[in-house]
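Undergrad: What would the 3D arrangement of this be:
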Amino acid sequence: MLMELGVGDSAERKVRSTARLKTRDASPARPTPSIPSGLPGITTSHGLQGQHVLSVQGLSKDQLNHIFNLAQTFRVCINKERPLEHILKAGMDRMLEGKLLALMFYEVSTRTFCSFQAAIQRLGGRTVTMDTNTSSVKKGETLEDSVIMMSGYADVVVLRHPEPGAVARAAAVSRRPVINAGDGVGEHPTQALLECCH
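TA: Numbers count the residues shown, from 1 in each chain. Here you go, the predicted model:
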């Protein structure tokens with residue numbers, strides 16, 4: 001989701017983000033040698049940890065600001081070729097370490113699929129993918145059954161489905177947070193956030 005958010009062209013946002021990077025104390029409280037200089041710590045004060053992201057309507061102004069600021073920070077690091085793998089790989093926050101993202105795409109989408117995969121890999125996490133052509137969906141496995149199984153393997157489930165309301169059904173049975181990557185003519189929150197940036 002972070003890579004798909006992109007960065008807005010707003011000069012004000014860039015100035016605020018640059019000022020924050022320059023003024024923030026980059027010295028960590030505990031040893032984290034791979035943190036790039038000027039990269040702020042990952043905070044959970046946004047209230048999104050462990051929560052589903054099914055609709056932009058469910059995001060507060062503070063949460064949206066947090067998402068945009070974090071995306072801007074990561075974009076600056078990537079543009080300056082600073083590594084970000086440590087964020088999910090080791091050390092900064094034991095609750096984030098070694099995260100696995102489940103990609104469940106019942107509908108093809110190169111940009112959305114690759115953006116989630118690239119984002120998690122850049123941050124040091126990994127993906128597990130369910131392909132509807134080679135899964136038990138071909139034998140009649142329900143969406144709910146597939147989500148229950150995949151949420152048992154992963155820390156977060158990203159679902160793209162052609163049927164409106166499918167993500168709500170998935171969230172009702174998932175053991176892990178679900179991110180809506182588009183459900184037919186319904187919502188596509190990460191795409192909406194990207195369009196807000198441009």
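
Undergrad: Going by C-alpha atoms from here, please, whenever you check contacts or count neighbours.
TA: Will do.

Undergrad: Quick check: R111 vs L84, distance?
TA: Distance from R111 to L84, counting by C-alpha to C-alpha, to the nearest Å: 21 Å.

Undergrad: Compare those two (neighbour count), which wins?
TA: Neighbour totals were compared for R111 and L84, and L84 leads with 20 against 10 (other C-alpha atoms under 10 Å).

Undergrad: List phi and psi for the more buried one.
TA: The phi/psi pair for L84 (degrees, to the nearest 10) reads phi -120, psi 0.

Undergrad: Now it. Nearest residue, chain neighbours left out?
TA: L123 (5.1 Å; C-alpha to C-alpha, 6 or more residues apart in numbering).

Undergrad: and what of C77?
TA: Nearest one to C77, counting by C-alpha to C-alpha, 6+ apart, is P83 at 7.2 Å.

Undergrad: mind checking how far the one you found is from Y106?
TA: 32 Å.

Undergrad: again, but for K139
TA: 14 Å.

Undergrad: what do you get for V173?
TA: On the measure of C-alpha to C-alpha, V173 and Y106 end up 17 Å apart.

Undergrad: How about K99?
TA: 23 Å.

Undergrad: again with F113
TA: For F113, the distance to Y106 - C-alpha to C-alpha - is 11 Å.
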